Each structure stands twice: as C-alpha cells, then as structure tokens.
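Engineer: here is the input, now give the coordinates:
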Amino acid sequence: MSAEAAVEPDREQQKQLPFRLDIQGIRALAVLLVIVNHFVPGRLSGGFIGVDVFFVVSGFLITSLLVKEAGRSDRISLAGFYARRARRIIPAATVVILVTVVVSLWKLPLLRAQDILTDGVWSAFFGANIHMANVGTDYFAQGQPPSPLRHYWSLAVEEQFYLVWPLLLIVCLALLRRRGHAGAELDRRFRRTAWIVITVAIVASLAWSVHTTYASPVTAYYSTFARAYELGAGAACALLLRPGTASLARLPQRGREALTAAGLLVIAGSAVLLSESTAFPGLWALLPVVGTVALIVGGGGGEPTAVGRLLSLKPATVIGDWSYSLYLWHWPVIVLGRGILGRDDFNSPPVAATALVLTFVLAWASYRFVENPFRRGTWRRLPMSLAIYPVSIATVLVTVVAGHQYVEHELTGGNTPPISVEEFPGQNLGGDQYVALVKASVLAAQEGRDVPSGLVPGLVDLREQTASLGDCDYRTGTQELCPLGTPGAERRIVVLGDSYARALSPAIEKIGEEHDYEVYVLVYSGCQATGAQQVERATGRVWQDCEDFKDFAVDTIDDLQPDLTIVASSVGKVLNPATGDVIGPSDDFDEFLGVLDQGWRDLFGELTAVSDRVVAVGNTPRLKTEAGVCLTKDDPDLGDCAFPPGSRSERSAKTLLAAAKAEGAETVNAKKWFCADGLCPAVVGNFITMRDTEHMTPDYARWLATPLAEALDIRDS
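Structural biologist: Residues are numbered from 1 along each chain as shown. Here you go, the predicted model:
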C-alpha cells in the first residue's frame, strides 16, 4: 500500500515561533522516504511511513501557532486560521490537479482520464480519502492502475482534522473565559484543558485505528479517525514544549542527544522493516509517530543535538522548504509517466532518473512561483485569502466539466458500421450465427479494421456497466429473495456464484422472461462458488461473510428446489485444507488447481442433491488489458484490441468444468462466444464484450441469451 502526505506550516508560518531548522530537516527526511519508496519500488519497503512523520509535524506546528495566538490575545481567529491554510495549501494543490487532469486527457486512454476527472473533484473538495477508500474496497475496481491524484488523501485527512481541532480549542477558551479566567491563569488552564482533550482524542483514535486496521484495512488506511492520533501526537508535543518558554531546560543535553538519535533510528528502522503487507496504520504506525515525537521533543530547547545539526544542514532545509511541492508533484509524475511510457520503460534507470529530476524542477518552480507569491503581498489580506478556496473549486469544476465534454465528444459519433458476417463471404464461418459473428470479428481485427461507431454499451459509461442486483445485493447482508425473469412461474432457475455469475445474470434473466422461468440470482461479488474456504483479500483471514453466504445460498436452493441451477465462478485465494495455509493463483499453480478441484467437487456434490439440473458455465476469457482502456487509447484499430485468452484462466475454467462433470453436473464452455483462432476481440459486431478484463457487459450477456438457452437445452413450457 503506498502513502502520500501533505506538508504543513513552513518558514513563513514559523516566524511567530522559535524557529527550528531541524523541523525542515524532518520534513526533508519524510519526503525523501516516500519518494524513494515510490520511485524505486521494493528498495525501501516501509518508506510510506513518511506520511506519518508529516502528520506529527503538522500537528505540532499548527497547534503551536494556535496555542501561541491564544496566549497572546486570549482568543483564536478561525477566519485567520483558515486564511493561512488557504494561502499555504490550496494554490499549489490546485495547480497540480489542473496539470494532472490536462495531461491525463492529452496522453492517457480517455477511459482512465475520465476517472481522473472524478478524482480531481474529490481532491479539490478535500474528500480524496473518502473517495480512495471507496475505490479501494470496490471489487470491480481491483487491478486498475492507481490514480495520479491518490496522494491527495492525506491533504483531506489533515483538512478534516483541522475542521475540528481549532473549534475544540476555541470552545475550551470560551468556556474558560466564561468562568472568569484571564491572562496567565487563562493560558495555564487552557493548556491543561487542551492537553486533556488531545489525550482523550489520541487514545480514542488509536483504539479505533487498531480495531479498523484489523476489521477493514483499506478503510483504515484512508480514515481520518484512524489517523487523528498521529496529528494529535504532534499537537501534544506543542503543548508539552510550550513555545517561548524553557520547559525542556531540565532535560540534560546527553538525554536530548539520546532521544533524537533514538527517534531517527526508529524512523529509519520503520522505513526498512515495514512493508505493504504490514497491518497499517494500527499499532505499527506508532513507530514513526513515536520516532518523530522524539525528534521534535529532543530537538526543542537547549543546544542543538548532533541529529538536529544533521537535519539543519542546508541541503536538508532546502528540500524541507520544497517538501510540499515535492509531494504534490512526485506521484503524478510517476503515475502519468508509467501510464504514458509503460511501467517497464518508466522504471528503467535513465527514465526514472529523468523523472526524478523533473519532479525536483517542478517542485522548485511550484515553490518559487506559486507557493511564495500566495503567502506574501496582497494575498495576505483576509478577504483575498478566504477567496482562494472558492476560486480553486470553481476553476477545477470548470476544467472537469470541459474535460467530460471533451471525452464525450471523442468517444461518440462517427459512421463506421458494425462488423458483420456478410463482410467475409469467402470464409467458412459455420452455421451458428453467434459463433460466426465472433469469427468475423476476429477476421476484422486481423485485418486491422476501424473500430465501429455506435458501440454497445458506449465507451463513456463502460465502467458503470454491471448487472443490477436491486434489493438482493448480498454483500449488504440481506437475505431477501428477488424473483426475476417471469415472477410466479412454475419453473425456476437459480444463478449461483461471484462476480462472474453476476455478469452472466442478465442473460439468464432474459431467458427467464422469454421461456417462462422464475429466476433467482444468488451472487456475492468476490465470493467464489466453491466448497473451499475463501480468505479475505486484504487480511488473509477466512472470509466469514462469504462462508455464511455460501451456506445461505445452498440452503436457499434446497428450499427453492429449482429446475436448473447455473454456477459461474472466478478463482481467488483459499485455504489449503491439507496444510491450513492460504494458497492463491500466484503460488504453486498446480497445487492451487488441486485445491480448487476439490472445492468445486464438494460444491457440485451438494448442489446435485438439491437441484434437478446443475450446469457450470465457464471459460470466459481474462484479457491482459481492459477493453475500454485499449479502445480509448490513441486511435486504435480492432487489431490493437484483440488479445489471446489468459492461459491460467483457461486452466482454471477447465478445472471447474471437469469438477462439475465428475459430480454429475452439466457444463457449458462459453469460450466460443468470445474467442476464435486464439484471439478474443474487444468488439464483436458492435458489442463491447468485456467491461474490464474479465467480466462481460450486461448488453453482451443479453445478446447471448438465445445461444445460451440453446446450450442449456431450455425450451418454452
């Protein structure tokens, strides 16, 4: 899991505080950790902890400013606070959003660019963490490239934290003033009250972080509630250090030397030892948090420590000055670079080095020509500062709307006719019109013909094309039954499986409508139809909700006594019953297929006992590239978007069909409706067959209802 962060108050904002060059060095350390982690994958596996370092520094500097203001004037100006935030954060963030959106529209496949337009809106509204958590838990978004604006999640976490923390401090001040406290007594009681508040917040946030990291790791990673204790730790440092006092004078120099050295060692050790497989944030995030606290506390008061002098060297402070812009630019440079050049080409040393230099040049330019001008001059006036955010929002929205209009214009129109069998009169395509159309589409691809106009579904909303489940989306925990097809009919069909079965369900629903069957769709995306125990993708633990659904589904089939049960399923990580270990497609594949075979045999054995007929439908292809991405990249012809089926997916499908036959079930091999002569075209006729790399579109599924009904030997009653 990668991490990115925002950088907080800089030299300009520290002028009201005892200035500490070592803080700039800490920022430099944090930004370099993340840059190395991202530019050289695998070399610094825990470099993502730089985000946690930033959160602590942010909490420290922001709270120091607020406490200093409260001590000086007995109040905190909320308008003044947000004006400073606007000048510091928004201009550079807006520029990077706009440049990223424009470059995406110019250079990336338009289907990807369309998603980035949405990311830009969430980022501008400081809701990127919510959006990225939703994307990260969306089953159908798995495997898509990361957004070049994903790093804005950390800005969102900070801004959400600072919607609450200053208000809590203002409430504390107001209550204390109401009780008649003023001057030094007010300041003393305010600090004590603020310390109690932040301590409670730290404990509550840490407890939630530990819980949600275990229960839902992706959600926890982007959660403001799970990260608040990190910002709170920095705030606690600010209250402990008491700016302008000598509160740490009692700590011996030798103790401060040891504290800062230990802090640096803990941060460095975390960056080396932690990895993407670490349950994070949770308790593990305490390591970089505690390390940063040690650096801040040990570096405050008295003579500079050896570590403090190291962090105060000129190169470190310069990188610290640029750190916010470095964070903003480095991730779009990487993601856009990989998207344009390809991952392997981008990761070659010369290209990666060039991209790194470009990142620093952009950061310098952004710092020099965007950050500094907005922190100075007329923009320091309160009304001008407060206008920055609405102007930023308006600019991003106008750009995004224009971008959507551009995408729609590029992806619609034209007059290229659909592929037809009649175009190839000299070819023996066979008597099955559906298979013949697939063969004709392969021939059109081999000839490099133009992509037809009027594609179904349209490219603009291709990624939204998933079969509707209505009130029977079993991922929500419901156990309702939703009759489809011909509700109330005497004959019944049940569709069982995961997202593959869901993709097939529009065909079965249409069969039910045309042949007088009541249809029930018992599908749970990500939860395979197998007797093997499945594990959660994020945690590696047995997926109990999935196991409960499978029990419910078999019991329901037993109650319904359907005339036909259709099974379609993908493959994923399961428990190997022989060893108790988790095994998946990336492990020993033959051993994995053996576990799948037994799991499917167990399932089909159960189903054949409670259903008149059981049919396994499988062998839809898994493509190496999303059809929509290929069809919207540059100006492709049909040959650019025809791919061989995945060999491993074929082996898995054959194992499924063989297991079904072994237990007395019937089978339908669907490959003939997608591929011919070793190629699977993205377009058959004028249909886009796949919404992504492995799930058929609802429109194509409905088109296949007739041949599928024939293959299932379904006739009118």
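Engineer: what's near enough to touch residue 641?
Structural biologist: Applying CB atoms under 8 Å, 6 or more residues apart in numbering to residue 641 gives the contacts 445, 451, 625, 627, 630-631, 681-683. In short, each C-beta sits where N, CA and C put it, glycine included.
Engineer: for residue 283, what are phi and psi?
Structural biologist: Dihedral angles of residue 283 (phi, psi; degrees, to the nearest 10) stand at phi -70, psi -30.
Engineer: chain neighbours aside, what residue packs nearest to it?
Structural biologist: Nearest non-adjacent residue to residue 283, counting by CB to CB, 6 or more residues apart in numbering: residue 210, 5.8 Å away.
Engineer: count of residues packed around the one you found?
Structural biologist: 19 (other CB atoms under 10 Å).
Engineer: residue 493 bridge partners, please.
Structural biologist: residue 519, residue 564 (DSSP bridges).
Engineer: for the one 4 residues further on, same thing?
Structural biologist: In this structure, residue 497 has beta-bridge partners residue 523, residue 568, where bridges are defined by DSSP bridges.
Engineer: what is the burial count for it?
Structural biologist: Neighbour tally, residue 497, other CB under 10 Å: 28.
Engineer: tell me the contacts of it?
Structural biologist: 504, 523, 528-529, 567-569.
Engineer: repeat that for residue 85.
Structural biologist: 159, 162.
Engineer: secondary structure element holding it?
Structural biologist: Using DSSP states H and E, residue 85 sits within helix 78-107.
Engineer: tell me the buried residues in that helix?
Structural biologist: 81-101, 103-105, 107 (16 or more other CB atoms under 10 Å).
Engineer: show me the shaky parts of this structure.
Structural biologist: For the chain, the stretches flagged by pLDDT under 70 are 1-18, 137-141, 242-250, 377, 717.
Engineer: picking up where we left off before, how about the residue nearest to residue 283, phi and psi?
Structural biologist: For residue 210, the backbone dihedrals (degrees, to the nearest 10) come out as phi -60, psi -40.
Engineer: please apply the same query to the one 4 residues further on.
Structural biologist: With angles defined as degrees, to the nearest 10, residue 214 sits at phi -70, psi -40.
Engineer: so what's it up against?
Structural biologist: Contacts for residue 214 (CB under 8 Å, 6+ apart) come out as 279, 282, 539.
Engineer: wait, the last one touches residue 219, no?
Structural biologist: No - between residue 539 and residue 219 no contact is recorded; they are 11.8 Å apart, counting by CB atoms under 8 Å.
Engineer: the more surrounded of the two?
Structural biologist: residue 219 (19 against 15).
Engineer: count the residues that sit near residue 180.
Structural biologist: Neighbours of residue 180 under the rule other CB under 10 Å: 8.
Engineer: so it lies in a helix, does it not?
Structural biologist: No - counting by DSSP: H, G, I helix; E, B strand; the rest coil, residue 180 is not found in a helix; it is coil.
Engineer: roughly how far apart are it and residue 189?
Structural biologist: 11 Å (CB to CB, to the nearest Å).
Engineer: not counting sequence-adjacent ones, nearest residue to the residue nearest the centre of the chain?
Structural biologist: Note on the chain: the residue nearest the mean C-alpha position is residue 136, at 3.4 Å, using CA atoms, centre = their mean. Excluding its sequence neighbours, the residue lying closest to residue 136 (CB to CB, 6+ apart) is residue 218, at 4.1 Å.
Engineer: helix or strand: which one has the one you found?
Structural biologist: For residue 218, the enclosing helix or strand under DSSP H and E is helix 217-222.
Engineer: from the chain's centroid, how far away is the next helix or strand after that helix?
Structural biologist: For helix 217-222, the following helix or strand on the C-terminal side (DSSP H and E) is helix 224-241. Distance, stretch centre to chain centre, for helix 224-241: 26 Å (CA atoms, centre = their mean, to the nearest Å).
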